[in-house]
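Sequence and predicted structure below; questions after.
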Amino acid sequence: MKYTICLFFATLFFIPLHAQKELPQIMSEREQSRVVDELLEDRLDNLLPVLMRRAGIDMWVIISREYNEDPIMKTMLPSTWLSARRRTIMVFFDPGEGKPIDKIAIARYDVGRLLKGAWNLDVYPDQWEALMNTIKEKNPKKIGLNYSETFALADGLVHSEYEAFMKKLPKDYHDRVVSSENLAISWLETRSQRELEIYPMICRMGHMILQEGLSEKVIHPGVTTTDDVVWWLRNRVSQLGLKTWFHPSVSVQRADAGNNEFLRSFSKRPEKNIIRHGDLLHVDFGITYLRLNTDQQQHFYVLKPGETEVPKGLQEAFDRGNRLQDILVDRFEEGKTGNEILKEALAQAKEEGIVASIYTHPIGANGHGAGPAIGMWDMQGGVPGKGEYPLYANTAYSIELFAASEVPEWNGKIVRIMLEEDGLYDGEKFWFLDGRMEDILTVPRK
């Protein structure tokens, strides 16, 4: 499956970050609901059959109880369903021969417009019996259930529901039950054509909010704290009718501080760290819109009185960060594992003299999404399990990493350029969904 993004969207969204002026229009809750349901219908009708056949599973059973939803089920509920209801059971069956998949809800009512309720209380007073009747009628070769030792997002079937299912399932079907790990991960990680058209706009929204928040509009050196900026970002997201999937962070590297201030954990960073002239600011920020997520890290420099540009050493350090991004994404190739990509990229960075660390993750329906882990900050030799998963087409990633450099203007102090930008691998090439920061922006803007 390879999708071609039309030139219109490529032209519309690949706008240099410094040239962006206005936020795209954010839809009303009602309009967002409509689009979410359209996206879901398209995914179930056109994407799911392909993924089920690739995984070799002809029946996928997803079971959840209210307020304890399987992560997969959360992505399949209609926009007006904010949770499962009582026990919700979804069954997807592929009859083969190119026929559409059956989408069934073993429930007392339809699940939105997409899954038809198939529980006749007069015939089967017990919900489990209704499910077993459907299984016997369809007679699947493999029954996929969401359990996985490796991926939490594919491990949503709780133990008590698994036990109840297996107790009710006829014995001659037990050897047909398999983990749906690969199917679950592919459902979460693979983006549809319509999502690919929308995603750049969502990334642009994140970039625009960052440009507004990390500017003279918000930051007054000597007065504003890093925590002030964090809460400005949170409030701005709420005002716009968006959501954030994690609490943002803003940190500082400066010439007269110690060499290890970037090593502090988020919980130990001072809340009232006053921003000063000459500071290099780092921000980590992500939004959620139309059930898709962003994750972005950028740098901004607070000009000293009389300064008109970023110190050359800082910009050169930033350029190494961009180069490390290029090294990494140039190694994306369908079928390679996350660990293979990590090893190749780190070897090339070392050859070029870049002190590097790579901790890139999938993104999409979840911020820290499903798919191959390409390093973690404390696992630069490869990630067991998640790092062994292969790269597939039409999957999105947060290219997260850092390059460390000595800065002459700061007396040789080591500065980490910590970058994170969202992009998509289409099976042939990787591209950033809304471009990337290629220069450190100044506060105030030049």
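Good, I have the coordinates. Note that the structure is predicted; figures quoted are calculated from it, not measured. Numbering: from 1, shown residues only.

Provide the secondary structure category for residue 200.
helix (DSSP: H, G, I helix; E, B strand; the rest coil).

Can you get me a residue count around it?
25 (other C-beta atoms under 10 Å). C-beta here means a position set from N, CA and C on the backbone, and glycine is covered the same way.

what's the answer for residue 324, then?
26.

that's a helix at it, yeah?
Yes. Applying three-state DSSP, one finds residue 324 inside a helix.

wouldn't it be in contact with residue 349 here?
Yes. Using C-beta atoms under 8 Å, residue 324 makes contact with residue 349 at a distance of 5.8 Å.

overlap in contacts of the two?
By C-beta atoms under 8 Å, 6 or more residues apart in numbering, residue 324 and residue 349 have these common neighbours: 356, 403.

Give me the phi and psi angles of the closest residue to residue 136 other than its chain neighbours.
Leaving aside its sequence neighbours, residue 136 sits nearest to residue 170 (C-beta to C-beta, 6 or more residues apart in numbering; 7.2 Å). Main-chain torsions, residue 170, degrees, to the nearest 10: phi -60, psi 140.

quick one, phi psi at residue 366?
Dihedral angles (degrees, to the nearest 10) for residue 366: phi -130, psi 150.

hmm, back to that, quick check: the residue nearest to residue 136 vs residue 309, distance?
Look at residue 170 and residue 309: by C-beta to C-beta, to the nearest Å, they are 73 Å apart.

ok, those two, which is more surrounded?
More crowded of residue 170 and residue 309, by other C-beta under 10 Å: residue 309, with 13 against 9.

Give me the three-state assignment for that one.
coil.

Going by neighbour count, which residues of stretch 402-417 are buried?
Going by neighbour count (16 or more other C-beta atoms under 10 Å), the buried part of stretch 402-417 is 402, 403, 404, 405, 407, 410, 413, 415, 416, 417.

Need the max-distance pair from those residues.
Spanning the widest gap among these are 402 and 410, at 16.7 Å by C-beta to C-beta.

Find the least confident helix or strand in the chain, judged by mean pLDDT.
Sorting the helices and strands of the chain by mean pLDDT, DSSP states H and E puts helix 7-13 at the bottom, at a mean of 37.

All the strands of the stretch 101-250 of the chain, residue numbers only.
Secondary structure of the stretch 101-250 of the chain (DSSP state E, counting those that start in this stretch): strands at 102-105, 116-117, 143-145, 177-179, 249-253.

what's the answer for the stretch 301-446 of the chain, then?
Under DSSP E, counting those that start in this stretch, the stretch 301-446 of the chain gives strands at 355-358, 361-362, 395-407, 413-425, 430-432, 441-443.

out of the ones you listed, nearest to residue 215?
For these, the distance to residue 215 is smallest for strand 441-443, at 6.0 Å, taking C-beta to C-beta.

which neighbours does that closest one have in its sheet, and in what orientation?
Using DSSP bridges, strand 441-443 pairs in its sheet with strand 296-302 (parallel).
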